[in-house]
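Asks: can you look at this prediction? I've put the sequence above it.
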Amino acid sequence: MSQPSSSTSSACKIINSVTRRLAAALVFALLSMTCAVQAHYHAVTCGYQYSPVLTGPPANPGQFNQALYNLEGVNQYASNNPTWAVWVEQLQQAGVDFVCPNCTGSYPNTNGPPSQIAPMVAAVNARGLTSQLKFGLFDDNAASWVAQWNQANGRGYDYAQKFDMADTNNWKYLYDYNYKIFYQTVPDTNRFKISGRPVIIIWTGNAGAFLTNMQGNASRALTYVRQCCQRDFGFNPYIILSKDFFSNDTTCTNAGIADAGEGWFIAGPSGPSHTLTTRNGVSIGVAVAEFQHPGQSGYLDPNHGQLFETGLSATVGAGALLTLCEGFTDYDEDAALWRVRNLDTNGNILNYTNT
């Protein structure tokens, strides 16, 4: 996803000029080669829903990011263990510190509740990575708040109306149908934490497309989230807000509302494909290796891996405490970071345009 219009040495070498899709996979796999200095955390978003994400990229002209491994015909009644195991293996090889499942809520659209993360957590533990590969909460709130609320009110799973932040009854879409289920599914030992506090990253505070009545109310909703987390799980979350929260609700700048901010990236030829946002003395980076494909208005050209190298240099290399990269299974938007197919069915090497 891109934002609607709206530590390590930079000398460390990540990757240099390889083919486009393979570049994304190799850069991802080489994140662990950054030089060790002060604490810096690498993470990737992760689509985990049973359909269509787990069945792999659809085989049709124009669909890119063909994975090396897919389990065909997976559904909520089938065993997904081979897929989860391969995903966890790739994340381990990449050396990322944590993965951020792309949470989209659970009601009334039940296609991707956070409870579906459970098999992936089990795969991490089975591989002995409990202390190495953690889970952070990434809230795709355009879906989990706005689309879910619209569907509940008979307008379909979309953005027909803006989500009303002033209506306290709506806050259940933040916590009860989303965060609570995530933390019921991901045990304390598996949670990624900063200063001992589990991390929540919220994608957008866009008042033009998604949210309304934000002033004074977004901060109240976030305070409600903190209170619920403390009541139900005994922790005070480390909340990283999209930077437009702070302009659309100035009370979000008050102490105790947000711990840090992020700026996501902007789709389209001018980008930027990365951001570094500093708030409360904490720098948070976001980077993407590619977005969409030629002919689409949001296309960000991977430039044989250079786009991602530039993004990592401007985030990891600039001292970000945390850099979140989209996206481990985001083949739908041609932003996937995983091992990819570079041989055809006969074992011949695929050329640049076909990988």
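Replies: Okay, I see it. Numbers count the residues shown, from 1 in each chain.

Asks: what about the nearest residue to Leu222 once chain neighbours are set aside, how many residues close to it?
Replies: Nearest residue to Leu222 in three dimensions, chain neighbours excluded: Ile257, at 5.6 Å (C-beta to C-beta, 6 or more residues apart in numbering). Heads up, the C-betas are built off the backbone N, CA and C, glycines and all. Ile257 has 20 neighbours, counted by other C-beta atoms under 10 Å.

Asks: Gly128 now?
Replies: Residues near Gly128, counting by other C-beta under 10 Å: 10.

Asks: am I right that it is in a helix?
Replies: No: counting by DSSP: H, G, I helix; E, B strand; the rest coil, Gly128 is not part of a helix but coil.

Asks: specify the local secondary structure of the residue nearest to Ser131 when sequence neighbours are not counted.
Replies: Distances taken as C-beta to C-beta, 6+ apart place Thr189 nearest to Ser131, at 7.8 Å, with adjacent residues excluded. Counting by three-state DSSP, the backbone at Thr189 sits in helix.

Asks: Thr189 contacts Leu133, doesn't it?
Replies: No: judged on C-beta atoms under 8 Å, Thr189 makes no contact with Leu133 at a distance of 11.7 Å.

Asks: those two: who's more crowded?
Replies: Taking other C-beta under 10 Å, Thr189 and Leu133 do not tie; Leu133 has more neighbours (23 against 10).

Asks: before we move on, back to that, distance of the residue nearest to Ser131 relative to Arg339?
Replies: Using C-beta to C-beta, to the nearest Å, Thr189 is found at 28 Å from Arg339.

Asks: and stretch 288-296, end to end?
Replies: Start-to-end span of stretch 288-296 (C-alpha to C-alpha, to the nearest Å) is 16 Å.

Asks: in that stretch, what's buried?
Replies: Val288, Ala289, Glu290, Phe291, Gln292, His293 (16 or more other C-beta atoms under 10 Å).

Asks: would you map the helices across this structure?
Replies: 20-29, 81-94, 118-126, 141, 148-152, 180-185, 218-233, 244-248, 306-315 (DSSP state H).

Asks: and these: which comes nearest Asn111?
Replies: helix 148-152 (10.8 Å; C-beta to C-beta).

Asks: hmm, who's touching that closest one?
Replies: Helix 148-152 is contacted from outside by 104-105, 107-109, 156-161, 163, 170, 173, 177, using C-beta atoms under 8 Å, 6 or more residues apart in numbering.

Asks: where neighbours are concerned, which of those residues has the most?
Replies: Going by other C-beta under 10 Å, Gly105 tops these with 31 neighbours.

Asks: could I get the buried residues of stretch 288-296 as TSV with distance to Gly317 and pLDDT?
Replies: Shown next, in TSV, are these (distance: C-beta to C-beta, whole Å; pLDDT from 0 to 100):
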residue	distance to Gly317	pLDDT
Val288	16	97
Ala289	16	94
Glu290	19	92
Phe291	21	93
Gln292	26	90
His293	27	86
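
Asks: please report how far the residue most central in space within the chain lies from Trp203.
Replies: With distances taken as C-alpha atoms, centre = their mean, Thr45 lies nearest the centre of the chain, 2.8 Å away. Thr45 sits at a distance of 10 Å from Trp203 (criterion: C-beta to C-beta).

Asks: what ranges do the strands span in the stretch 1-150 of the chain?
Replies: 41-46, 98-103, 134-135, 137-139 (DSSP state E, counting those that start in this stretch).

Asks: hey, C-alpha coordinates of the first one in PDB?
Replies: Which is strand 41-46. The C-alpha coordinates for strand 41-46 follow below in PDB (Å, rounded to 0.1, in the frame of the first residue of the first chain):
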ATOM      1  CA  TYR A  41      15.500  -2.900  13.900                       C
ATOM      2  CA  HIS A  42      14.500  -4.200  10.500                       C
ATOM      3  CA  ALA A  43      10.900  -5.300   9.800                       C
ATOM      4  CA  VAL A  44       8.700  -6.300   6.900                       C
ATOM      5  CA  THR A  45       4.900  -6.100   6.600                       C
ATOM      6  CA  CYS A  46       3.200  -9.500   6.000                       C
END
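
Asks: mind listing what that strand pairs with, with the direction of each?
Replies: Partners of strand 41-46 in the sheet, by DSSP bridges, are strand 98-103 (parallel), strand 322-326 (parallel).

Asks: okay, the angle between the last one and helix 81-94?
Replies: Using axes from the mean of the first three to the mean of the last three C-alpha atoms, to 10 degrees, one finds that strand 322-326 and helix 81-94 are set 130 degrees apart in direction.

Asks: outside of strand 322-326, which residues touch it?
Replies: Contacts for strand 322-326 (C-beta under 8 Å, 6+ apart): 1, 28, 31, 40-45, 100, 138, 194, 199, 201, 240, 262, 265, 284-289, 308, 311-312, 315-316, 335, 337.

Asks: give me that answer again for 6 Å
Replies: Strand 322-326 is contacted by residues 41-45, 284-288, 315-316, 335 when judged by C-beta atoms under 6 Å, 6 or more residues apart in numbering.
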